[in-house]
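In: A predicted structure for the sequence below; I have some questions about it.
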Amino acid sequence: MTPLEQFLQRAESLMTRLEAVLPPPPREPDFRRSFAFRWRKRAGGVGGGNAWLQPVAHASGIRFEDLQHVDAQKRQIEQNTLQFVARRPANNVLLTGARGTGKSSLIKACLNGFATEGLRLIEVDKADLVDLPDIVDLVAGRPERFVIFCDDLSFEEGEAGYKALKVALDGSVAAQSDNVLIYATSNRRHLMPEKMSDNAGYSHGEDGDLHPGETVEEKISLSERFGLWLSFYPFRQDDYLGIVAHWLASFGCTQEQIEAARPQALQWALGRGSRSGRVAWQFAKDYAGKLPGAAERP
């Protein structure tokens, strides 16, 4: 046995002894009392007894009505989620586009809109997507409806989570669990980087049609497994100011204070190089927090 093999054997033995003295992961959470969860795992653990669902003590209170100027996207994901909690056919959803436009907030709003009807949200980090089969098995057969939430998703070539997600969406010999959907957000339409070299794989048919090569097909194949695509675009100036006004009003600002804030709101956006909903929310907190009598929204 080589020195390296001896070292690895001792390390494995040490890890086994450490796991024996560590306290067991928490038991299955109470899905009737908690609505939002995070998938947690011990360092070096791979599913099974090393991972568990951790209830989120203070989940986001964002509501559908808080999301402005994304009405079409809001209608589609709300309808899809309504079908899901009603046990009717529904699709996995991919939300892509400009940053700060409400993609992840819209998914959180779905939870707040349908939690009383049995919807539960499980947030999974990209690094833990290899555990998707374990998560699905854990909740399969329960009466609640589960949305697995993957935020800011993107992959580099060869990442293990890419294949795991692809199989979970539509590629396993096992049927998909009817009480689980996957909602993911990404700034990339196809979830993987697109390079100029990919174009070299395109070919032309005799009729002049352009056909993608294997590299492009592979990058498209994952996003195509999401049944519903929602695209988000940068906000216009008036849209941005409307979002600022909404949040300032929620903090208790008067109409006069909201009108007075417009020039500062534009300067704030200019300084950050973006007129996104996130920037509008950050400005509103800064502005309202400096006003006497303006209270934090419950």
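Out: Done, it's in.

In: could you use CA atoms for every contact and neighbour count after this?
Out: Noted.

In: by mean pLDDT, which helix or strand of this structure comes out lowest?
Out: strand 210-211 (a mean of 50; mean pLDDT, DSSP states H and E).

In: Arg38 belongs to a strand?
Out: Yes - Arg38: assigned to a strand according to DSSP: H, G, I helix; E, B strand; the rest coil.

In: pLDDT score for it?
Out: Arg38 carries a pLDDT value of 94.

In: mind listing what it touches?
Out: By C-alpha atoms under 8 Å, 6 or more residues apart in numbering, the contact list for Arg38 reads 53-56, 122-124.

In: narrow the residues you listed to those that are buried.
Out: The neighbour count (16 or more other C-alpha atoms under 10 Å) marks 53-55, 122-124 as buried among the contacts of Arg38.

In: now, those that are in helices?
Out: Among these, no member falls in helices (criterion: DSSP state H).

In: redo these as a markdown table? Include pLDDT and distance to Asp239.
Out: Formatted as a markdown table, the buried ones among the contacts of Arg38 follow (pLDDT from 0 to 100; distance: C-alpha to C-alpha, whole Å):
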| residue | pLDDT | distance to Asp239 |
| --- | --- | --- |
| Leu53 | 91 | 38 |
| Gln54 | 91 | 37 |
| Pro55 | 92 | 35 |
| Ile122 | 96 | 31 |
| Glu123 | 95 | 30 |
| Val124 | 94 | 32 |
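
In: so which of these comes closest to Pro133?
Out: Val124 (12.3 Å; C-alpha to C-alpha).

In: what sits against that closest one?
Out: Contact analysis of Val124 by C-alpha under 8 Å, 6+ apart lists 38-39, 148-151.

In: do that again at 6 Å, thanks
Out: 39, 150 (C-alpha atoms under 6 Å, 6 or more residues apart in numbering).

In: could you check how far Glu224 is from Phe235?
Out: 26 Å (C-alpha to C-alpha, to the nearest Å).

In: ok, these two, which is more surrounded?
Out: Phe235 (19 against 15; other C-alpha atoms under 10 Å).

In: ok, now how distant is Glu78 from Ala115?
Out: Taking C-alpha to C-alpha, one finds Glu78 at 13 Å from Ala115.

In: what ranges does the stretch 101-250 of the chain have for its strands?
Out: 119-123, 145-150, 180-186, 203-204, 210-211, 228-232 (DSSP state E, counting those that start in this stretch).

In: that'll do, ta.
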